[in-house]
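Asker: Whatever this is, show me its structure:
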Amino acid sequence: MQFSKWVSRATKKLQKKFSKNLKSKTHNKVESKKLAAPTPISLHKNTQEEQSKAQKIALQDFRSAVSFNNDFSKETEDKILDFEKKINGMVQRGDDIDLGLQTLQMRSGDVQGSYSEMSQNILKLSETNRELIEIQKIIEQVLEHSKMISQIAFKAQLLSFNASIEAARAGAAGRGFSVVAQEVGSLAQMSQDAAKEISESLHENKSTIDNIVKQVGKNIEATKELEGNVSNYFVNLVEMMKEVKSQSEMIKEEGGVLEDQMSSFSGDLSSKISEQTKIIARGVAKLTGIEIKEMDSDSFEAENSNYIVVNLGQQAATDIAGFENSLHLALGHEFENWLQGQDKSANYLFACEDGSKSFQACMIAQAAGFKNIYNLQGGTNSLKGSQGFGGTDFASAF
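Answerer: Numbering: from 1, shown residues only. Just a heads-up that it's a prediction; the model follows:
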């Protein structure tokens, strides 16, 4: 939306200037002795000034896009981690139920002992059911995010189309914006496809969990009724134990499937966000002429002493394997505040575990006008076990 706004604003201002100059020329034909018509040089100067203003607005919008990518990526990552923790807890409780059933079988001769074990299993099933309900809520939240991505992507496609039209009207002056508009259109399509894929898969998983919640709930109610009828306890005990065991196995099986799928989603989402970030970076590069360069591990080991190295990974490695001019920062306000006091002409190398956060840091520095920006290709994971500058073992540093 912001991209379309600045294109629209820039175009309207240009049209206003052209209209004003045209009226001035018409008026000068009637009263040529009083006023002089504006020269092509002044018109060209005004056009350049408007383009410069439009580029500044565009850079601000790109910074907002980078910030949105960072925030959305962090929030989604947190929800996925929470989701995986709950699944692990659910699978663990399934194991506990199995263990409880085995104990219950061994104590089948002791009515009181068997009754107590069944009560514990009811509590564990109830707790598992609550966890499943929490997972349902998390899936619904992720689905809401998916809807938001789809809506933003659809609007971005419309805005990209409008921007292309406005760029075409601007002629040669709008060629750069036309390229950026096409890139944003590609970004919107990728986002929409990703949102659709995630939404479809989550809907399927939600339906499975809904069925499990319903079945487990029925089993809990049936077991509670059994508790109230101790005289018939052993009559139904064997069948109930089989049912509980079946539910336990289902929970563990579905939990494993959900964990694998969510892990796959996490990887796909990270990949798509990384691709979106690179598209935005190319757009900024076209406007500023500043390109983000990738540095491989060999160059890093040989040339690291010539760079200010910033680690944005989860683990704080303040010395970055013993190299000078290195520090550890968190991506966000801490990093942005640090940038404000730095020399924009110096060489900067950003690194993290897999290269994703460091690339986002490169984009922020790019939009801020830093000239020499490098991202460690493959992240610090690619350096583990290798001997770097000064013979340092990277495996111990990260």
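Asker: can you tell me which residues contact residue 223?
Answerer: 118, 121, 122, 125, 240, 244 (Cβ atoms under 8 Å, 6 or more residues apart in numbering). From N, CA and C alone the C-beta is placed, and that goes for glycine too.
Asker: 10 Å instead?
Answerer: Residue 223 makes contacts with 118, 119, 121, 122, 125, 126, 236, 240, 243, 244, as judged by Cβ atoms under 10 Å, 6 or more residues apart in numbering.
Asker: Over to residue 295?
Answerer: Residue 295 touches 303, 304, 307, 349, 350, 351, 374, 375, 376, 377, 378, counting by Cβ under 10 Å, 6+ apart.
Asker: give me the beta-bridge partners of it?
Answerer: Following DSSP bridges, residue 295 is listed with bridge partners residue 376.
Asker: Quick check: it vs residue 376, distance?
Answerer: Counting by Cβ to Cβ, to the nearest Å, the gap from residue 295 to residue 376 is 6 Å.
Asker: Could you spell out which stretches of this protein belong to which domain?
Answerer: Annotated domains of the chain cover 77-288, 292-397 [automatic domain parsing].
Asker: which of those has the lowest average pLDDT?
Answerer: Looking at the domains of the chain, the lowest mean pLDDT belongs to domain 77-288 (a mean of 68).
Asker: about what we covered before: so which of the contacts of residue 223 comes closest to residue 212?
Answerer: Minimum distance to residue 212 across the contacts of residue 223 is 11.3 Å, recorded for residue 125 (Cβ to Cβ).
Asker: Now do that closest one against residue 137, distance only.
Answerer: 19 Å.
Asker: between these two, who's got more neighbours?
Answerer: Each of residue 125 and residue 137 has its neighbours counted (other Cβ atoms under 10 Å); residue 125 has more, 23 against 9.
Asker: Would you confirm that the more buried one belongs to a strand?
Answerer: No. Counting by DSSP: H, G, I helix; E, B strand; the rest coil, residue 125 is not part of a strand but helix.
Asker: need the contact list for residue 371.
Answerer: 288, 289, 290, 291, 343, 344, 345, 346, 347, 348, 365.
Asker: for residue 372, same thing?
Answerer: The contact partners of residue 372, by Cβ under 10 Å, 6+ apart, come to 290-291, 293, 307-308, 343-349, 365.
Asker: If it is in a bridge, with which residues?
Answerer: The partner residues for residue 372, given DSSP bridges, come to residue 347.
Asker: Inside strands: which ones of the contacts of residue 372?
Answerer: Among the contacts of residue 372, the members found in strands (DSSP state E) are 293, 308, 347, 348, 349.
Asker: Buried ones among these?
Answerer: By neighbour count, with 16 or more other Cβ atoms under 10 Å, the ones in strands among the contacts of residue 372 hold 308, 347, 348, 349 as buried.
Asker: Mind putting these into a markdown table with distance to residue 326?
Answerer: As requested, these are exported to a markdown table (distance: Cβ to Cβ, whole Å):
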| residue | distance to residue 326 |
| --- | --- |
| 308 | 8 |
| 347 | 13 |
| 348 | 11 |
| 349 | 9 |
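Asker: Which one of those residues is nearest to residue 280?
Answerer: The closest of those to residue 280 turns out to be residue 348 (Cβ to Cβ; 18.8 Å).
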